[in-house]
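Peer 1: sequence unknown, structure follows:
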């Protein structure tokens, strides 16, 4: 079993407060309403038990509400069931040394797996760090991007719980966008939604609501080599056959 360990590239979020003064970056207006993610709005299965996931939250700074902690646990319950991965959370009043080393050491201490992550938020220093194991499904560049886009402004505004939920909601959308029927194997099962099992047939019939279509866009009516490519992709014995062979759903099954 692979263990959680530090990767070669660090993934950090450091809040530079002077940026707000000179207008760098995107900052929310003070009057903006806090974001409250619900199971319905994020596509989570709210019937899952979250009791086993409270141990993965350590709010030493006491900044999270009970509702926020419950929602964080619900994200992890769904991620473990669907993708065998979770993100632990530690909100602290300060760390000694680098926050990256602190995050990885804590991840090893609580025995996270190689496909897990741990988010550390340092309230005292307005800092945050998401440490991920070597088998976490995002690249370091992707993690950095999500931290910057989804958590940055909330931490700067002192809205820690809202920021964590916003980040988790966006990461959840990443999973939805990037995991499909092509990832199913003996160890990865399709999620049953509304009592409908994931399959090529239910995806095509729209009975399975998580299915989405992929499109080809051309600059006008395709001609020449572009038309040849489109024809190949749509050919049942060529492109569509390849789609089926790699585990995805062809236009006709």
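Peer 2: Right, received. Where do you want to start? This one's a predicted model, so the numbers in the text were calculated from it and none came from an experiment.
Peer 1: ranges for the strands of the stretch 1-150 of the chain?
Peer 2: Taking DSSP state E, counting those that start in this stretch as the test, the strands found in the stretch 1-150 of the chain are 12-14, 57-59, 87-92, 117-122, 127-132.
Peer 1: Kindly apply the preceding question to the stretch 151-253 of the chain instead.
Peer 2: Counting by DSSP E, counting those that start in this stretch, the stretch 151-253 of the chain contains no strands.
Peer 1: Where does the prediction get shaky in it?
Peer 2: Low-confidence segments of the stretch 151-253 of the chain, defined by pLDDT under 70: 180-189, 191, 246-247, 253.
Peer 1: Swap in 50 and give it another go.
Peer 2: Applying pLDDT under 50 to the stretch 151-253 of the chain flags no residue at all.
Peer 1: As JSON lines, the strands of the stretch 1-150 of the chain with distance to residue 48 and mean pLDDT would be great.
Peer 2: (Each C-beta comes from the backbone N, C-alpha and C, glycine too.) Compiled in JSON lines, the strands of the stretch 1-150 of the chain are given as follows (distance: least, Cβ to Cβ, whole Å; pLDDT from 0 to 100):
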{"stretch": "strand 12-14", "distance to residue 48": "29", "mean pLDDT": "39"}
{"stretch": "strand 57-59", "distance to residue 48": "16", "mean pLDDT": "97"}
{"stretch": "strand 87-92", "distance to residue 48": "16", "mean pLDDT": "97"}
{"stretch": "strand 117-122", "distance to residue 48": "19", "mean pLDDT": "97"}
{"stretch": "strand 127-132", "distance to residue 48": "23", "mean pLDDT": "94"}
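Peer 1: Turn those into CSV, including mean neighbour count and distance to residue 65.
Peer 2: Output for the strands of the stretch 1-150 of the chain, formatted as CSV (neighbours: other Cβ atoms under 10 Å; distance: least, Cβ to Cβ, whole Å):
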stretch, mean neighbour count, distance to residue 65
strand 12-14, 18, 22
strand 57-59, 17, 10
strand 87-92, 22, 12
strand 117-122, 24, 15
strand 127-132, 26, 19
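Peer 1: now these in a markdown table, with distance to residue 222?
Peer 2: Below are the strands of the stretch 1-150 of the chain laid out as a markdown table (distance: least, Cβ to Cβ, whole Å):
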| stretch | distance to residue 222 |
| --- | --- |
| strand 12-14 | 44 |
| strand 57-59 | 52 |
| strand 87-92 | 43 |
| strand 117-122 | 42 |
| strand 127-132 | 41 |
